[in-house]
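Peer 1: could you look at this predicted model? Sequence included:
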Amino acid sequence: MHSILVRALRATVVVVTLLLSVCTDAAAQRTATTTRVSGRITDGSSGRPLQGVRVTVVGTELAVGSNADGRYSILSAPTGVVEVRVQFIGFQSQKKPITLTAGQAATLDFALVQAATQLDAVITTATGNQRKLEVGNTVSTIDAATLVAVSPVTNVGDLLVGKAAGVQVLGGNLTGAGQRIRIRGTNSVSLNNEPIFFIDGVRMTADNNSSSIGIGGTNPSRLNDINPEDIESIEVVKGPAASTLYGTDAANGVIVIRTKRGKAGPARWNSWFEAGQVEDNNRWPTAYRGWRTGTTATTNSTAFNSVNCLLPESASGTCVRDSLTAFNVFNDSRTTPFLGGNRSQYGLSVSGGTDVARYFVSSEFENELGVLGVPKVAADQFLGRTGTSLLSQQVRPNEYQRVNIRANLNFTPSSKSDVAISTTYLQSDQRLPQTDNNATGLLSNATSGVGNYDSVRIGYRQFRPQDSFANITQQKVARYIGSLQANYRPVSWLSGRATVGVDYTGRNDYSLCKRNECGLGVTANVFNLGIGYATNNRSEFFQYTGDFGGTATFKFLDVFESRTAAGAQFVGRRFERNGANGENLPPGATLAGQGAIPTVNQLQNESRTLGLFADQTVSWRDRLFLNAAVRRDQNSAFGADFGALILPKFSVSYVLSEERWFPKGELLSSFRLRGARGEAATQPGVTDALQYFGTATVTDNAVDVPALVFSALGNTSLRPERVRELEYGVDATLAGDRVTIEATAYDRRSRDGLLSRTLPPSTGGPASRLENIAEVQNRGLELLVNARLIDGPRFAWDATFNGARNKNKLLSLGSIPPIIGTTMRQVPGFPLDGYWQRRITSAVDANGDGILVGGEVVVADTFSYVGPSVPVNEVSIQNVFQLFRGKLRLSALVDRKSGHFLLNGTERIRCETRLNCVGAVDPSASLFEQARAVAVRINPSRTQDGYMEEADFWRLREVSAALTLPERVMRRVRTGSTATLVFTARNLKLWTKYTGIDPESNYFGGARGSVSDFQTQGPPTYYTIRLNLGL
Amino acid sequence: MMRTAFLCGVPGRAVRAAGLALLLGCSTDSILEVQAPEVIQPEDATGATGAAAVRAGILGRVAAISSGGEGMWFFGGLASDEWRGGDTFVQRNTVDQRVVLEDNSFLSGQYRALNRVRVEGARAIAALRAANQPATTVGELQSMAAYSLILIGEHYCNGLTLSTIDGTEPVDGVPVPADSALARAVQFADSALVSSAGNASFVNLAAVMKGRALLDRGLFAEAAAAVSAVPTTFLYQIFHSANSSENQNWTLNVSSRRYSVGDLEGGNGLNFRSANDPRLRAVTQGASVAFDNVTPFLAQLKFDRFTPAPLANGIEARLIQAEAALRGGDVAGWLGFLNTARAQGGITGLAPLADPGTAAARIDLTFRERAFWMFGTGHRFGDLRRLVRQYGRPQAQVFPTGAYLKGGSYGTAVVFPLPIEERNNPNYKGCTDLLP
């Protein structure tokens, strides 16, 4: 790796050196005539000094921050009339001219005015920091530091929910489970649709489903390793129009995380203590059973089978029903697997330093116990069978613990340079339950219960909680992320930057079924699990980033300003795994190596991307900004016949309100038009271009021998999927700066879309091959409205509305026919992953007996489109009330997703093969329930149409109340200390017509494809209390 | 001055040009070069050792279409009376119910696996020949190709396609009758007979393949002639181990209980369990219900987890001869072959059979003997189809019919359609018919 970085560095240094060297003469000339400007920045209303204000000299690369006393000092400023600009979150920016004389100091003070929002906030771009108004695309900024302190946030995904228009987050509903994130819809048929992540300048591993051991549902995400408490802000770069310079893989958007930094001043200690409760408040279906007495032993209902007399058969006389029973294992205190969970979190941070060196050090411990567990009656059954009690990790199989430490250092040795070092190390340990779509898992056996309680099955089908959770599944992670970012400004108009960093994750997956503990279920040694097994897979993920660039800024013709940036980026990723499995364990054994049948596996792959980019911005009178940029990428996964990827980008931003003729006033104080067009890409997998053989072990005449099996056709012309996006919009500030509106429209199209083309089975080779043949379109609108509705000293009301609409359409599949799945199809002219099914055209109880039979339900002969599986519309509304001069902060966030369908897979399987659903068994069931059960179970079509339900919902997502103790109280503790007590709740209330467990059930929550509500846990409800202390 | 500022003080264009060239033209191949140790390059699959490994890979593919994977050995058994679906997967239940839809998601892998043996087998044969390996190894793989075609011909509909791969490109096949697959199987078997000369086991393997394909084609005398030299004790097996694969007769039945041994299924089914036949040894094991909690669970004890499964054996040769003899009117010869199998088949407790006296009963007995001897080895569905196709019996008197245990009634499927994924072959427009 060292040599690679050196080479990349060398190439980039050449570029940067060119920029530096060719300008030496001019630089020397300018440097000799520069001087100093300094001053103090205060809050205009209170006079208090403002720390951390960004101060820049317009038309140069000079930038500094104010210290704890609000003072700043800029050396080497150009002489003559210059403009100094100051920007700070929560205040209106200001720009003042000053005349500087060579060799002399000048003073320029600022008194800032508070503002709810501002157009010219500073955002992070691929070429460095820029003012938002200079950029022709929208970038959503999330003030993570504030949110975490006063909101029910347990992971990074929670920070994104409902906070940025166009960003859809489907949370993992188990403790420690990962989330699924889509920005502006689904782009790719066959590739990853998740955004990429950068943290403090380096590419970060954020893999979904990050586990080598399945549990039947959602698995952890590496994104959850990141401690939300460490995050200062998150910026969401939504698509190719903005993400071009992030290069290959950025087509799905980029999420840029900046962690907290120290500020000059005495040590500031912060600590936080959080405790909470986790509950399952979802709706769980009841199991029904129609008991029958048959003519043979196999047609008799007994306590040991699920033989049923179902409604249609009962109505037609095929069977005679003796009685009807119903039992809901979730609602019975004896049998419910939801025992309730809890969480706790303790953290401490200290920050401070001088103008030259600043530090931020923090550490936190977090623990969350999930809601699932083994009820007492089940634990007693285990004890009775084995003579030993379940271990605590078996009784409570879902728990997450993490401890992390972060140390961020900033050095500013001179006004010409600064260095930021970011390091974090964390360890997590989590247990994951065997559940969801899993033959031995809890929810598949609980939702398919037998419809009655007996002392053996206790209402479950075949595996009871103790049978499922005797399997211990663990994941331990040790992770280090470190980066060094250096900026050097040799002259006022030129800066160079370099970022190097690594993200290393060591993951240890472990699963254990001790002998005679698992798989023994109600019956016998099902799946032969009773002999025991242990699996241990150790994986390493190593991602490294080198990012180098330079920026030159200067004015010309008095009214123009040029900003030229060029650089190179290298991103490498390496994955290795060693795995061991031991089967047929002796009694007491717990390690893979102790099994009588040991097997091993080893995996290794690597990918590298090298990108070069150039970016030119020209502005006119600081109101019209034109930008053109290009990035050239090469990647190790491209096909041999494909060279480099060239990605262009253009944008324009026009702040009309700066024009003299603009009717600027109290009603409309700022107004900007913007537009951007850019391309980004998604790269194929590391071996997708290759033709290759795989390995296997074959038993040839009773002897195990090594074998080669043809595994991949390869595609020498394989190239990345390109996504082009046009985005345009308007930003406005109204009502005396109290209302800000951002409205954006976009049109995104992929070309060379990579499709895992299904090859005809008769080909006798690999099942599919990636080909560049698909075209996908996403069009949409986004609207963000921030409003300070009431702004008084005793009471303030802020409201935020985020709305987005996305229409997704598959434009073309090239020459191949539509891709047909059981419930979803990829059909040109329709959304990706759309639901298709033979529709139920009528269901009429012709004989009026209240029971639908096969002939009374009519199904169409052909498949037709049902609807999209991804929400079309999303809305979030947040209201924040501040009372008693901000001492009490009340907040509520509701969000809505609509326009989509969800396959209620849980009820489908209950009606189709588990035979315990209301529609198949209970004569009082509605005709709707009966019709869909008949259609899926009896009709020759076996259509699942009835279970594809509209999944619109409103959810009261977050509620919080934060009480800041009065200063006079805290002064008794220590002058300047603060204390805030926060009460929060998450997922409090759901409004929906969807009949399944929850419209946000997240099975199949991976990087591609769609989701399903399939025997999957819904979102739990959190109640937390938190104390923030500052000393 | 203005110009100097605009160009950053660069007087000439050369430096900018050089920078641009660097930006766009850097040679970065070595930076981007990565190793891919998980994959084996095609050049490693050549030479004597490479070809041997590829040959072994084909044996693995054959295991996947026989006892080592859930292919037509099992789906054919589900659609016939051999196995009952004891599962909650609708893909298995519908086949058990003889409702076989082309969008059954399990079908795709099964048809692909069958064709892998044929297509990849050709690649392996080429590698063996290029490496000057003994012709007998080629003969063995030719028999494997014949076997895959036999299973295709026995199970799938007319209008099936047999595509290939040329380099990295698929070559779409055109629809052909199922019998065409059987005819190709005979050709492969003939080639295998020649190539296998000198290896008695491989010769016998090729002979049984040829005999089975000819029997399927209704060429009874030729079939009998093909297997006449095969000793009754001949046995070619698919082996299993913890490192390769399990015998799915055990996995799907004994272990997971997703399959249950059929016993008088759908009225017409044989009494695989209640016959208490020592060749099958089906028993009720543990609790009485299968994985679905509804179907009575019956376990076969013929195959354990790693028990090898016969792909071809001398018993089958005798059964082919017996059927041919019966077809030719030689009742004594027919009975003789059946009893030879019983006497030399390695199963104790099998009494000699007596002539039941009628033509229909003799046919019944022939197919019953085949069913019990070859239980769980992918013969039963083809045999039921032959009873309809070659013996003129109504399908309703051969296949399971009537009320289905888990609701509804049995369907009428007597053949498998190609999976819906085959419609990605532009030449394939669906089965031309669904006849047995």
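Peer 2: Thanks, I have the structure now.

Peer 1: show me what from the stretch 251-400 of chain B comes close to chain A.
Peer 2: Of all the residues in the stretch 251-400 of chain B, those in contact range of chain A (Cβ under 8 Å from any Cβ of the partner chain) are B:255-257, B:285-289, B:291-296, B:305, B:308. For every residue, glycine as well, the C-beta is placed using N, CA and C.

Peer 1: out of those, which are buried?
Peer 2: Burial of those was assessed by neighbour count (16 or more other Cβ atoms under 10 Å in any protein chain shown); the buried members are B:255-257, B:285, B:287-289, B:291-296, B:305, B:308.

Peer 1: contact partners for residue 106?
Peer 2: As the question left the chain open, I've gone with chain A. Contacts here follow Cβ atoms under 8 Å, 6 or more residues apart in numbering or on different chains; on that basis residue A:106 touches A:35, A:36, A:37, A:38, A:98, A:99, A:100.

Peer 1: correction: the question concerned chain B.
Peer 2: Counting by Cβ under 8 Å, 6+ apart, residue B:106 touches B:70, B:75, B:89, B:91, B:92, B:95.

Peer 1: ok, which pair from those residues is furthest apart?
Peer 2: Within the contacts of residue B:106, B:75 and B:89 form the most distant pair, 11.8 Å apart (Cβ to Cβ).

Peer 1: compare these two (neighbour count), which wins?
Peer 2: Neighbours of residue B:75 and residue B:89, each counted by other Cβ atoms under 10 Å in any protein chain shown, are more numerous for residue B:75; the result is 24 against 17.

Peer 1: just to be sure, the more buried one is in a helix?
Peer 2: Yes: with the criterion set as DSSP: H, G, I helix; E, B strand; the rest coil, the secondary structure at residue B:75 is a helix.

Peer 1: which ones are touching the residue lying closest to it once chain neighbours are set aside?
Peer 2: Counting by Cβ to Cβ, 6 or more residues apart in numbering or on different chains, the nearest residue to residue B:75 once its immediate chain neighbours are dropped is residue B:95, at 5.4 Å. By Cβ under 8 Å, 6+ apart, the contact list for residue B:95 reads B:75, B:78, B:79, B:85, B:104, B:106, B:413.

Peer 1: surely the fourth one meets residue B:259?
Peer 2: Yes: counting by Cβ atoms under 8 Å, residue B:85 does reach residue B:259; the two are 7.0 Å apart.

Peer 1: comparing those two, which residue is more hemmed in?
Peer 2: Higher neighbour count among residue B:85 and residue B:259: residue B:259, with 32 against 28, using other Cβ under 10 Å.

Peer 1: just to check, that one is in contact with residue B:93?
Peer 2: No: look at residue B:259 against residue B:93 with Cβ under 8 Å: they stay out of range, at 11.3 Å.

Peer 1: what is in contact with those two at once?
Peer 2: Residues touching both residue B:259 and residue B:93 comprise B:85, B:87, with contact defined as Cβ under 8 Å, 6+ apart.

Peer 1: can you give me the helices for chain A?
Peer 2: Assignment of helices within chain A using DSSP state H yields the ranges A:2-22, A:24-31, A:144-150, A:156-160, A:240-243, A:311-316, A:376-386, A:392-395, A:442-446, A:465-469, A:905-909, A:918-921, A:927-937, A:967-971.

Peer 1: weakest of the ones you listed by average pLDDT?
Peer 2: Per-segment mean pLDDT for the helices of chain A reaches its minimum on helix A:24-31, at a mean of 39.

Peer 1: need the contacts of residue A:106 in a markdown table (columns: distance to chain B, pLDDT and neighbour count).
Peer 2: A markdown table is the format used below for those (distance: Cβ to the nearest Cβ, whole Å; pLDDT from 0 to 100; neighbours: other Cβ atoms under 10 Å in any protein chain shown):
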| residue | distance to chain B | pLDDT | neighbour count |
| --- | --- | --- | --- |
| A:35 | 20 | 77 | 17 |
| A:36 | 23 | 84 | 16 |
| A:37 | 21 | 89 | 23 |
| A:38 | 27 | 89 | 17 |
| A:98 | 21 | 90 | 16 |
| A:99 | 20 | 89 | 9 |
| A:100 | 18 | 87 | 23 |
